Each structure stands twice: as structure tokens, then as C-alpha cells.
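>>> Provided below for reference: sequence and predicted model.
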Amino acid sequence: MPNSVLFPFEIYSHFELGDMTAYYLKQDQSLAFTILPKGLEHKISAHRKSLNDTTACRSYTKGYKTNLDALTMENMIQYHIQKDSLSSNYFPGNSMINNGSLKNLKFVSQTHENNVIKTIMKDPRGIESCHTVTYHAQDSFMEVNTTLKNDSGKTIDVDFLSSFNLGMLSPFAADDGPNRYFVHRYSAWWDAEGRHQEQSVESLGLEPAPMPIVGRALQFGNRSSLPVKGYFPTLGLEDRIAGVTWGVQLAALGPWLLEINRIADSINLSGGLPNADFGNWRKTLKDGEEARGIPAIITCCEGDMQKNLNRLTQWQAKGSPKEPESEENLPVIYNEYCTSWGRPTSERLLKIADILKNRDIKYFVIDAGWFRSDPCKYPGKGDWEISKERFPDFDSYISQIYKKGFIPGVWFEFENINKTQSRFGEEHPELVLKYHGETYSTGDDNAPLDFRREDVQKQMTERVIGFIKKHRIGYVKIDYNYAVIGADTPNGSETEGLLENLEAAKRFYQKMKKECPELVMEICASGGHRLTPEWMRLGSMASFSDSCEAIATPLIAAGTAMQILLKKNQVWAPLRKESDPKRMAYLLAAGFIGRLCISGDIDQLDKKQLAQMDKAIQCYREAVPFIQSGESFVEEKRISESWTHPQGYQVFHRKNKQGEILVVHSFADAPQKIEIAVDTNLHIVHLFDNGEPIAKQNKGVLTIENMGCFNGMVLILKRKTI
């Protein structure tokens, strides 16, 4: 197909990456990068060339005897060297794209070896940039990143480095595409993680200016050590008329930035490290040193953003350490936090273990509170000394938990310590991060450790890994509850110091896994504030949220389930002695939107309540193959936007070759009859509910009646066998 039809710029190269095609477009010495679903090139129409004859531009272009292009090509490599001029296309503070550091950037080479495409550009000062695309034919995504190397012979300061810049979106429109583009983002607050925000580019103010001399940009991201706070590092752009969606997730450990911008007709997605304007990032590079961006997972497909997310999240399964044998069947977890609320005792827990044994629950986890009595000053967070009042013989307790058929677990928060309520904190103030020259304090006298120091790594190896080995711990819930916004470093700004410390903490997580290969690691950060692709690679699963008993639990669980692998999405189901069958079903059903975690008044439940719990666990066992693999979709039929006071109902779908799971939750003002479209070749084989709803299947329609309000049920449908 001629370039003039496919794109208005020269196609330098293109590569088929699974079911996608990557295009590198050349204009003078610049290269742009874009991707399409493979085989859709025939849908691309010839694009208008200029805006000279539009109402807003006609007089301007004639008066200045100039031309306004309908399409502009942005370089796929974007960075900024401090003291160079800033962007000429965007107002300062709005974007750092297309700045003065790129004016003399020239294309050098492109190589394609094995599964890696490397494109190298260089400026006259000797600053070399390498744009890398890594892919495998069977994958539904590609990993993109950019590295900057200083070969200038001088020390330079970099204050902007984008991992990717995906441009020319959407090529399927012949103009600026009014009313066809929609942006997808996902907000994240404490106990409200994963709310989908779908907005038109027009509502975001991102349609091009009538006379597009200056661009428009929207930036969002995070500036702290809790990377999923405010937003998930996820961005999607949907061309609803073409039926194509592009999406990206950043594999961030800490601060990150995503941006959507445009000057004329085409839209660009960009992101990576937070720049100087947005996140105070700056890195000093001596001669020969490099800066590397945050890995960006990118995909595109025919379909909506939910399909896109199913493709993106598969990256989390790649490169992860081998899971312990105990994770093979994704067992149910019991965590006692909503039982004792931070005051566990071996006496009560052993009684609960007797109740739960032989009930197909594998992990038996002690949460916060095992290391101190109440009230007391010592031992505190950082000492990790077992409370003798609560656990008179801890090793005997662990042995009994094993004998009852469980794998014992404990809670740790080792990236932060208490400065005044732990001996470790009082004796080692030098091990705490420094910020603006002072010892960092995160509130409540808690302080973050500097994991860049070898003595911190050594201390935590002894206190955490040593504890795990000594006491035969098989499961550890790793919590993190205090946001850090910076750390001193000689290598740049405080944001760069924070990123250094998070990379060092990551190495400690990897060391834990290496030294304890059968250890199950749960990632937690005030619930769901670390649900990023990179953190998910470090753990077997993650706390979906701190939402233990909120009405919003199924809504939050569905939101987080779309951002991470379903088998990593651990959802609370705290059971109370006062819970009626509806309430029990509501929480237990939510646990099927990932990994079921039981908690609550287990030792106070009656026989009927325990029987309902047993029924849920039995059904969960049948659901495991679907949780392990498949695609997820959320069908919302809500009549209000509130999560605290939801109305209507929600259906969480999980499909694979075997069939489909439906997790249904009704809210206030739910309809008397719920109808769900299903495959005609499927039939109901397992069901969990409170005994009241009636589910009937008639060909391709599943009808649920008598569900009422604030109820939950799970249906497993499998293919009919002949």
C-alpha cells in the first residue's frame, strides 16, 4: 500500500509483532513510532494534508504566507537536558514534549535481533538514546523503553525521559476525529481502587485548537512510594468508530507520569519517569553513565478497553519467579486481621484453626500485632520480637498450625520502622532515609529505611529473612503504609533518590524469594496502593484493598481485577456472627473476583453460617481453573455513580475455553429480574448463593430472580459434552 495512503510520512520500517504491527515513520532525521492491529491497514483513509482552508486558519495562513499541517510527527524519543530550551509546542508546565534538546537529534541505526528492535539516535554533543521494543510472537503486548547514555565528556543533568511516545493516533480518521476518541483512566484512593473513568477527548479539552499553533496536553501520575494513589499507571485511547483501542501500563515501583497530547489532528500517548515539572525528577549523568526509563507495556486491539486490559496484564506473568508448589491450586487464605484487629493470640487462633481444619483452607496468616503487646513501648516495628503475652510459645504454635494442615503466615512491614517505639529505631537513626538533609519522618513517628545501604540490607536479612527461616514461616504478608516523596542522593533530585531506594528495596524482595523459594509473598500497601505490574511480579498475590467490610467491596474487587492478574487479586470476606445469609453471600461471592480470603468471627459462627462458608469454598475449588487463566469483563448495570451507596447490579465475567464464571452482585434498587447473555453451548454446573435466588437458563439468556438487594451469587457454566 503506498505510503501516501497508509501514512503521510515515509515508512522507514515495520515489524509484525504477534497480532500487531509496529511502524517507524521518518521525517528528516526524526522517527515516530506507532502500532496497529495487524491486517487493519485497509481501513486507513487518506488524511487531509493541511488546515489552511479551515475557518480559523484561512486568514492566518494567507496573512503570514505559511502552512498549517493537519498532521505533525513527534519524535518517538523524548528527553530534556537541563538548561536546554523547553517546549515550543506546549506552554511551560503543561508538557516537556518536543523541547530544545531534540532539535539536533539524528537517527543513527536500527537493528532487529531475536525479539528486540533497537533504534539509536544521537545528538552532536554525544548524548545517545536507544529506543527498545521487546516482544514475543505469542504475547499480546510489547515492552517499550528508552535509555539515555552520556558520551559527551561532561556531566549532564537529565530532567525528562519518556519511556515511550506512541503517535499518529488514530490513523483511521481522515480528520481530527470529532466525537470518536475516548480516554480511559483508573482512579485509586484508599478503599476505592480501580474506578474506571471514561471521558471523551472533547470533555478533557483535548480536541485541537481551531488554529493549532500550540498543543494541548493532559498529564497525570504519582509522586510517591505509593504508586497507585490517585491513579493506576494505566492509560487507554479508544477510537470508537474504528473499533480499535490502544493501551499502556507502566511497570512503576514509585513515581511515574503518563501524558496524552496533541497539536493538530493526531493524538500522542507518552509516559515514563516523572519529569522536572510534574514530579521534580532529575538525574545527574557523569560521562559514560546511563539513565533508563520505566518499562512500558503497550498493546492495541480491535475491541474495547476491557479487552485491552486483559492483554496488558499478561506481562505480569512474564519474568516472575517460579511460584511455590502450594500456589498450584490457588488455595483459600485465612487472615485473622478482621478477627482480632491487631491483637492476635495463639490461644484464640488455635481454636479457630481447629474450626477451619479440613475445610480446604491452606494459608493461616497472623496479621499485625504479633510482635508487641498493648500497651507497651517495646518491642516495636523494626525489632520483630514475638510478644510473649500473645504467643507464649511461638514455635509450638507454628508446629500446631502445620499439624492442622495449614501453612503458617505472618505480617511484616519492613520498609518502615518506628523511630521511638522500637529499640532498632532508637539505636540506628543513621539507617533512616534522609530528605533535605534531615531524617525522614512519615507520621506517627514511623520512618523509612534506606535500602541503598548495605547495613540496612544486612539488618533486614537477619531480622526478616532470618525470622522466616528460623520459625518456618511459609507465607508473608508484606505491608507498606506510609508514602515517601523523596530521598537525598548525590545523583540528582530527591525523586531520583526515592527511585534508587525503591530499586534497592526491590532487590531485597528478590533476595527473600531466592533464599526462601517456597515462601508465598503477598504485596500490600495500605491495601491496593502498589498494584502496579512491577510490584505484581514480586509477589504471588496482592491485597486488592483495605476494604474489608464495605458495601463497595465487589465494585473495588472488579476494578482491581482488571488491572492485575486475577489469580493475584486477593479479596477479603470477613464473616460476622450477626451476618445473615444475604450478607454472607455478598462478601463470599466477592472473593471469587480473585483469591478468596476468609476472616472475621470464625469462632462465633453457627452451624448454618459455617455450612454456607463451606459451600462457598467448595464452589471456589471449581472456580480455580477459571481464576488461573481466562479473560475478565465487568458488566455494570448501575443507576448511580456512588460506590458507597451503589444502586443496580454488577456482573463480573471470567471466560476461558472451559466455560464462564459469573459473579453477580445486587445493590440498592436492584431489578426483580436480572438477565445476562451467555453462550448457548454453556450450562450451569455449580452455583453458590444464599438459597433464595432462582437462576434459569433459556438458550442464550440466563435469568436470575428473587435476588433482592445487596446479595451475591456465583454461577459456573461449562461447555456441554456430547
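Now that the structure is in, tell me what you want to look at. Model, not experiment: these values are computed from the prediction.

>>> List the residues that contact the closest residue to Tyr186 other than its chain neighbours.
Excluding its sequence neighbours, the residue lying closest to Tyr186 (C-beta to C-beta, 6 or more residues apart in numbering) is Phe232, at 4.2 Å. In this view, the C-beta of every residue, glycine as well, is placed from N, C-alpha and C. By C-beta atoms under 8 Å, 6 or more residues apart in numbering, the contact set of Phe232 is Arg185, Tyr186, Ser187, Ala188, Glu193, Gly194, Gln249, Leu531, Thr532, Gln563.

>>> The second one touches Thr560, doesn't it?
Translated: Tyr186. No: look at Tyr186 against Thr560 with C-beta atoms under 8 Å: they stay out of range, at 9.2 Å.

>>> quick one: low-confidence parts of this structure?
1-6, 373-379, 722 (pLDDT under 70).

>>> how does it look with 50?
In the predicted model of the chain, residues 1-4 satisfy pLDDT under 50.

>>> most centrally placed residue in it?
Geometric centre of the chain, nearest residue: Thr532, 3.1 Å, by C-alpha atoms, centre = their mean.

>>> hmm, back to that, closest one of the contacts of Phe232 to Thr489?
The shortest approach to Thr489 among these belongs to Thr532, at 22.0 Å (C-beta to C-beta).

>>> That closest one: what's it in contact with?
By C-beta under 8 Å, 6+ apart, the contact set of Thr532 is Pro227, Val228, Phe232, Pro233, Gln249, Leu250, Ala251, Ala252, Leu253.

>>> same thing with Ser224?
Gly254, Pro255, Ala483, Val484, Ile485, Leu498.

>>> rerun at 6 Å
Ser224 makes contact with Ala483, Ile485, according to C-beta atoms under 6 Å, 6 or more residues apart in numbering.

>>> Repeat that for the one 10 residues further on.
With contact taken as C-beta under 6 Å, 6+ apart, Thr234 is in contact with Tyr186, Gln249.

>>> Quick check: beta-bridge partners of it?
Note on Thr234: beta-bridge partners Gln249, judged by DSSP bridges.

>>> same thing with Trp572?
Applying DSSP bridges, one finds that Trp572 bridges with Cys597.

>>> returning to what we had before: quick one: the residue nearest to the centre of the chain from Ile298, how far?
Thr532 is 15 Å from Ile298, where distance means C-beta to C-beta, to the nearest Å.

>>> Just give me the neighbour total for the closest residue to Glu692 other than its chain neighbours.
Nearest non-adjacent residue to Glu692, counting by C-beta to C-beta, 6+ apart: Asn706, 5.5 Å away. The tally of other residues near Asn706 (other C-beta atoms under 10 Å) stands at 12.

>>> Would you check that my belief about Asn706 contacting Ile694 is correct?
Yes: with contact defined as C-beta atoms under 6 Å, Asn706 reaches Ile694; the gap is 5.3 Å.

>>> Common neighbours of Tyr186 and Thr560, please.
Joint contacts of Tyr186 and Thr560 (C-beta under 6 Å, 6+ apart) are Gly194.
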